[in-house]
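In: Need a 3D model of the sequence below.
(chains A, B and C)
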Amino acid sequence: MDDEKNISTESNKKKAVARLSGQDADQERTQGIIPQAGKGTASPGSQHTIEIGGVTGEGFPRTLRLLRKTQFDLVFKQGNRVPRKHLLMFVKPNTLSSPRLGIATGKRYGKAVERNRAKRIVREVFRRFIRQHLAGIDLVVLVRPGRGPLRFDNCLGEMRSGLKKYFKSVEKAQSPAGLAPDNPD
RNA sequence: GGAGCAGGUGAGGCGGUCGCUGUCCGUCAGGAUGGAGGAAAGUCCGGGCUCCACAGGGCAGGGUGCUGGAUAACGUCCAGCCGGGGUAACCCGAGGGAUAGUGCCACAGAAACCAGACCGCCAGGCAUUGCCUGGUAAGGGUGAAACCGUGGGGUAAGAGCCCACGGGCGGCCAUGGUGACAUGGUCGUCGGUAAACCCCACCUGGAGCAAGGCCGAACAGGGGUCAGGCCUCGGCCUGCGGUUUGCCCGACCGUACACCCCGGGUUGGGCCGCUUGAGCCCGGUGGCAACAUCGGGCCCAGAUAAAUGACCGUCACCCCGUUUCGGGUAACCGUUCGGGGCACAGAACCCGGCUUACGGCCUGCUCCACCG
RNA sequence: GGCCCAUUCGUCUAAUCGGUGAGGACGCAGGCCUCUCAAGCCUGAAGAAGGGGUUCGAGUCCCCUAUGGGCCA
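Out: Model (predicted):
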């Protein structure tokens, strides 16, 4: 719950974007789930001061990205698939205190300009609105081809709802004591 | 008003918040500064650079193809010649050789490249309205293309058989031009196709920065000598295999068992290659020009799941209208409001080109038509 | 990033050098047969990725573009 204080200070700027304020309820619910996924939440306040400023602010340094093909493959193979309309998300818990993002746009999605634009949109959504509420998960966002161009507000909504669905399914799988581990799909 | 050519600009400008990446400084808080294109694209050519191969010679293969120049080089560019298109400005052209040879020219047609006569025409014979022999490319018909075309002479009928004019191709000569070629004369000749094989001239080793080098980690193997025969013990001959990055000659190397010696390959790990270069800007000189040269100034992206962005405000521009007001008979013009749009497209070793994609705006030159 | 290859009816594929209705199989449509359907038999429709050039004539030769696929260490 210490996370919430940090976020409230950060999100003063965010309130300039009046359209998105209605989703606060969603944010609080996701925050409640996060400590289960990440183990390094025991002393988050002290960690923020120790770590680089990029982690606490809205930055997007290399520590928040997936940088190797092996890391991508692991998430594709072991992560939970969360399909949305324009996106296909793969989510997998990691042992770090911060989330990591990887973006994949296949050649079928479009030409280089369109692929770059889609990656930038996903990155900006993650950087400004998503990553503050997550802790130790690896997230791969695959932009699906043939669904039309990706827009900023679409992307934000789909990533929020997708993560909500993921955490709900994880909660359900943990509370009945491993009754249905293969269920969350 | 319409059209042709050449060039420029181009995430439209400004501001705010947050963010990415290279370099430099740093008291490790941070700060300063640089950060996509004319096509970065397609990968169609040409180079630089790197590795591999290479005694030498021959053949094959590939490419280019009017002339002269430019260039590091080119299939590019500039200036011209010739042919074709357009009223014109101008545009297009793989544009050497068909007399070195070979092949092909379907169907149709008698015949498709140099020989031949289907209907005709003419002569002769048989014979009685047809047949045979010979001559004939003027006429018919076919075709993309038929012994160059028109007229005259000539003839049994005809034919470059002869003459006049004209057309194409080739040789030789003269003049002009560096040359392609042009003009004139003379002689010969008269289908096309070389983006068919080919001939001629010139060029051409192969791969590509995922080239290649260094380091680290993990994994296990890799290399050298030695065949048989002869013999003066150093060489020769023979067999088999390999290399000579297409093939041949030639050259070189290897060859069972066994012995001896230590390095070797692999990989989306790191570093180097990696950004100062046939570089850009300004001015002078030479040249019709492409371009060259001299002087001064400048440093201008180097990522690696891959930076150069996201959102908001505002101002321009364009389009649409059940929008406001004003003017006007009207088309419409100005103004206000609302909505939408603002191209093609993203460096990956670097250059020179070509090709393709591209909304809008601007500049210059030129042609045609109309009016004054 | 670089280097290569291919594209023929709806689908899978043929045709030697350029030559005149581009062939076959499955599928589709119609008919015959059958009480009906299937099978079988007969008939038919439907095709050169796009643009330009060479040629009398291009699926074939040459150039450009588009699309699809493969390889590298």
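
In: how near is A:K111 to A:C155?
Out: Per Cβ to Cβ, to the nearest Å, A:K111 is found 19 Å from A:C155. Glycine gets a C-beta too; all of them are placed from N, C-alpha and C.

In: what about these two, which has more around it?
Out: A:C155 (24 against 8; other Cβ atoms under 10 Å).

In: and the helix or strand hosting that one, what's its mean pLDDT?
Out: For A:C155, the host element (DSSP states H and E) is helix A:152-174. On average, the pLDDT along helix A:152-174 is 87.

In: Around RNA strand B, pick out the residues from chain A.
Out: Counting by Cβ under 7 Å from any atom of the strand, the residues of chain A close to RNA strand B are A:13, A:17, A:53-54, A:57-62, A:65-70, A:72-73, A:102-104, A:111-113, A:116-117, A:119-121, A:124, A:127-128, A:152.

In: coming back round to it: run through the neighbouring helices and strands of the helix holding A:C155.
Out: With contacts defined as 3 or more Cβ pairs under 8 Å, 6 or more residues apart in numbering; DSSP states H and E, helix A:152-174 has these neighbours: helix A:24-37, strand A:80-83, strand A:87-93, helix A:112-125.

In: neighbouring strands for the second one, and are they parallel or not?
Out: By that I understand strand A:80-83. Counting by DSSP bridges, the strands paired with strand A:80-83 are strand A:87-93 (antiparallel).

In: and the strand it pairs with with helix A:112-125, angle?
Out: 50 degrees (axes from the mean of the first three to the mean of the last three Cα atoms, to 10 degrees).

In: Provide the contact partners of strand A:87-93 at residue level.
Out: Residues outside strand A:87-93 that contact it (Cβ atoms under 8 Å, 6 or more residues apart in numbering) are A:37-38, A:74-76, A:78-83, A:122, A:136-144, A:150, A:155, A:158-159, A:162-163, A:166.

In: Recalculate using a threshold of 6 Å.
Out: The contact list for strand A:87-93, computed with Cβ atoms under 6 Å, 6 or more residues apart in numbering, reads A:37, A:75-76, A:78-80, A:82, A:136-142, A:144, A:158, A:162, A:166.

In: ok, of those residues, which come out buried?
Out: Those of the contacts of strand A:87-93 that meet the buried threshold are A:37, A:75, A:79-80, A:82, A:136-142, A:144, A:158, A:162, A:166, by 16 or more other Cβ atoms under 10 Å.

In: Between all of the residues you listed, which two are separated the most?
Out: The widest separation within the buried ones among the contacts of strand A:87-93, taken as Cβ to Cβ, falls between A:G136 and A:R144 and amounts to 26.3 Å.
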